[in-house]
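Engineer: The following comprises the amino acid sequence and a computationally predicted model.
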Amino acid sequence: MSDHKVFLALGSNLGNRLEMLKRTVSKLRALGLSIEAKSRVWETEPWGVTDQPLFLNMCVAARTELEPVELLTLLKSTESEMGRTAGRHWGPREIDIDIIFYDDVVFCEEKLQIPHRYMQERDFVLLPLSEIAPDMVHPLLGKSVRRLLEELEGAKSGTWISEI
């Protein structure tokens with residue numbers, strides 16, 4: 001089995017948001033992901049559906065032996081275990097865990113696209129991701145995370161909240 005470097009985006013806007021992010025990072029470790037770096041936690045505006053509470057967002061860099069679909073399955077079951085319930089698309093949620101990068105792999109299936117298909121449009125991903133992987137290059141766009149953040153039209157600045 002080979003070791004893969006992944007970057008995950010975590011977000012929460014229901015309940016005790018900060019505690020949910022802390023619990024999620026601990027849960028990921030307990031499930032065998034080796035967390036190598038964590039961004040700070042940022043409070044950000046919702047994206048897509050804006051009539052909902054503010055989010056807390058962060059990114060983590062981790063190592064895993066899981067293949068992309070196996071990792072997605074683990075993350076979705078973790079979201080359920082952590083209390084995420086079905087709701088409207090891009091609506092409020094207890095926890096959301098997205099795969100942003102998986103090595104420098106380009107992967108496209110119906111339920112999973114890597115790099116994440118909207119990452120370059122989302123300041124709530126790029127802001128924390130730029131703290132832990134500013135020079136990571138998007139394999140399809142050929143631009144670094146730092147450059148994508150700089151070029152993001154209408155990027156709202158988040159508010160730094162905490163470290164975990």
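Structural biologist: Sure thing, it's come through. Here the structure is a predicted model, which means the values were calculated and not measured. Numbering: from 1, shown residues only.

Engineer: and stretch 69-82, how far out from the chain's middle?
Structural biologist: 13 Å (Cα atoms, centre = their mean, to the nearest Å).

Engineer: same check, this time on stretch 103-115
Structural biologist: On the basis of Cα atoms, centre = their mean, stretch 103-115 sits 14 Å off its chain's mean C-alpha point.

Engineer: Next, the buried residues of that stretch.
Structural biologist: Across stretch 103-115, burial judged by 16 or more other Cβ atoms under 10 Å covers 112, 114-115. (Each C-beta comes from the backbone N, C-alpha and C, glycine too.)

Engineer: Quick check: end-to-end length of that stretch?
Structural biologist: 9 Å (Cα to Cα, to the nearest Å).

Engineer: that older thread, in JSON lines: the buried residues of stretch 103-115, plus secondary structure.
Structural biologist: Shown next, in JSON lines, are these (DSSP: H, G, I helix; E, B strand; the rest coil):
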{"residue": "L112", "secondary structure": "strand"}
{"residue": "I114", "secondary structure": "strand"}
{"residue": "P115", "secondary structure": "coil"}
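
Engineer: Find me the pLDDT at the closest residue to L140 other than its chain neighbours, would you?
Structural biologist: In this structure, L140 finds its nearest non-sequential neighbour in V106, 6.1 Å apart by Cβ to Cβ, 6 or more residues apart in numbering. As predicted, V106 sits at a pLDDT of 94.
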